[in-house]
Every structure is written in structure tokens, then in C-alpha cells.
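> Dropping the sequence and predicted coords here.
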Amino acid sequence: MEKAISVSENPFYKTKKTGGNIKENAVVGLTQIAVLLIIAILFIILGIIIYQGREKFSWEFISSFPTDGMTKGGIFPALIGTFILVIVMSIAAVPFGTITAIYLTEYAKENSKFAAAVRFSIRTLAVVPSIIFGLFGLGFFIQFVGTGMDSAFNDGELHWGQPNILWASLTMALLTLPVIIVSVEESLKTIPRELREASLALGATKWQTIKKVVFPGSISGIMTGTILAVSRGAGEVAPILFTGAAYYLATLPESLSDQFMNLGYHVYIMSTQSSDVEKTMPIQFATTLVLLILTLSLNLVAVIIRSRIRRRAK
């Protein structure tokens, strides 16, 4: 009687299996190469910035004003200006973006044309070049709102109708708004619909359900998304070119109607309009290093907040 051949002993099966393993190994190898390439590029960029900026990077550099046509000195006014910009931008963008995401997720009907129009607007804003936001801020906030405020309250005297830190912050808030809305909306969607329905069945109102059920379960994602959006805005330069950033200031901003210096804009100015670009190269790299530390610190805060909230939830 002829012996039956098992599937594992079938030559055709072995050939097919071997071909499949080769393809699978090739795909895995390509993905690993892509990951290593990304990591290598990141470390090369960090290495160049740290190596070139190490000479100037110090506490004196961080805490002193620029001198000698910004070829010497530090970046203290630019650091403070960036900090104020981030704070005002966050106050303007985070609450509005969170409220919009709550409406889209919890209150808007699935077939709502208004909600569809809002989502289309958000997607459109997300792909608009950042320089367009700067031109919008110049035309709307400065020339329309600011000039209107001066005409109404200052007898036409120029006060709000000029570039300042408030208009720059609101322009940056518009830039980060789509990212905040999308991140908060996705975080809210992670809460199962059954939990909402159970809360409503027990007699809770819609807002009580959002406050007691939805928010506690999604707060880590909300915080992470908003902080990452704000950290992205902290490094943008184009939106503030026309709305408030200054080439050089000998004093710190005293009110929201003052202009300000910014770390990203400071690097741009020194690399394009400095009296001696080569001489300011160490300052440029050191300033970039400070901006990078600021951005990475915000990202680290997001990771810490997320991990702590998850530990408490367990």
C-alpha cells in the first residue's frame, strides 16, 4: 500500500513556504531599515545641534540680553517672549478646541450637515500653509480688529492696530486648533458607547455623563494631544512674522499690546539678516538647542501626565 504524503513533506508546500519566508523576511528587513534610518537621522540632527551649540550654551547665554548687534550676549528676551506666546496661545486654543471636540463627539448627530461642515473646515485648516495664517492674522486681527478697537476706544491713536504678542498668540492658536480638536475628539471616541448609555440609563444627564464618565477615561489622551499641539506651535515662525515678532528689543514685553522676541524668529533673523552670519553661527545653534529642549520638555510633560493618569486609573 502506497504511503500517504503529509502536508509538511509535500515538495510544493515546502517551496511555497520557503518563498513566503523569503518575502516575509524581506518585508521585515525593509521595515527595520526604515526605522533605523529614521533614528539615525534624528540622532545626526541632534548631534550636529548639540556639538555646534555646546560652546555658547550656558546659564549666562540663557539669562542675558543680546549685545553688539546680536553677535554676542544671550537670548533671554526671546526665551521669555516664546514662553508668553505659548501661555497665551494655550489659553486661547485649548478650551475652544476641547469644547468643539466635545460638541462633535457627544452632541452632534451622525448625519448632521453642520457637524460635517465643521469637520471639513477643520481638515481644511490643518493643511493650510502656516504663512497663510500669518497673513490672515495681519489682515483680520491687526488691520480689522485692532484698528477697530483703536477707533472705538483710543480715538484713533495707534495701540492695538499694530503687531503685538496678543495677535501673534491668537494667530498661533488658530494654527494649532485643528490638531487640538482632532486629538481631543479621538480621545473621546476611545470611551465605549456602552458606558455612556449605562450612565444615561441610570438617570445621569448628558453633561454629567461627559463629566463623570467620558472625561476621566480620556483625560490622558486629551492632555497628550493638546500638549503636543502646543509644542508644535512653539516652534513655528511663519505665523508670527507679520503679527508680533520683533528683530530686537532692549526690554521685555510689559503688556499684551507689546511686540516680543521669539526663539524661532531669532534663529531665522540671525541666519538671514545678521551683520555677520558666520560669527553668529554658534549663537544660532545654541538658540536652536534651547528651542529643542523646550519642545522636548513639553513632549516629556505629555508622556509623564499620560503615564501618571493611567497608573491612577489602574
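Yep, that arrived.

> Do a quick rundown of the strands in the protein.
66-67, 72-73 (DSSP state E).

> list the helices and strands the last one packs on?
In other words, strand 72-73. Contact partners of strand 72-73 among helices and strands, from 3 or more Cβ pairs under 8 Å, 6 or more residues apart in numbering; DSSP states H and E: strand 66-67. (Glycine included, C-beta is placed from N, CA and C.)

> which regions of the stretch 151-300 of the chain lie under the pLDDT threshold?
Applying pLDDT under 70 to the stretch 151-300 of the chain flags no residue at all.

> quick revisit: how about the strands of the chain in JSON lines, adding mean pLDDT?
Formatted as JSON lines, the strands of the chain follow (pLDDT from 0 to 100):
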{"stretch": "strand 66-67", "mean pLDDT": "84"}
{"stretch": "strand 72-73", "mean pLDDT": "80"}
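
> Can you say which of those strands is packed in most?
Highest mean neighbour count among these (mean count of other Cβ atoms under 10 Å): strand 66-67, with a mean of 16.

> May I have the strands that pair with it, each with its orientation?
Strand 66-67 sits in its sheet next to strand 72-73 (antiparallel), going by DSSP bridges.

> neighbouring contacts of the strand it pairs with?
With Cβ atoms under 8 Å, 6 or more residues apart in numbering as the test, strand 72-73 has contacts from 64-67.

> coming back round to it: and the strands of the chain: which comes nearest Gly134?
strand 66-67 (23.6 Å; Cβ to Cβ).

> Surely Gly275 and Tyr248 touch.
Wrong residue type there; residue 275 is Ser, not Gly. No. Ser275 lies out of contact with Tyr248 (Cβ atoms under 8 Å); the separation is 11.8 Å.

> quick one: buried residues of stretch 41-60?
49, 52-53, 56-57 (16 or more other Cβ atoms under 10 Å).

> tell me the average confidence for stretch 139-148?
For stretch 139-148, mean pLDDT rounds to 92.

> Mind listing residues that contact it?
In this structure, residues lying in contact with stretch 139-148 by Cβ under 8 Å, 6+ apart are 160-163, 167, 170-171, 242-243.

> Out of the contacts of strand 72-73, flag the one nearest to Ser297.
Distance ranking of the contacts of strand 72-73 against Ser297, using Cβ to Cβ, places Ser64 first at 21.0 Å.

> Quick check: the gap between that closest one and Lys56.
11 Å (Cβ to Cβ, to the nearest Å).

> Val27 too?
Distance of Val27 to Lys56, given as Cβ to Cβ: 46 Å.

> ok, now Leu298?
Between Leu298 and Lys56 the computed distance is 23 Å (Cβ to Cβ).

> How about Leu195?
Note on Leu195: its distance to Lys56, by Cβ to Cβ, is 53 Å.

> do the same with Gly148
Distance from Gly148 to Lys56, by Cβ to Cβ: 44 Å.

> One more: Gly225?
Counting by Cβ to Cβ, the gap from Gly225 to Lys56 is 34 Å.

> ok, and the closest non-adjacent residue to Ser271?
Gln284 (5.6 Å; Cβ to Cβ, 6 or more residues apart in numbering).

> That neighbour - how many residues pack around it?
21 (other Cβ atoms under 10 Å).
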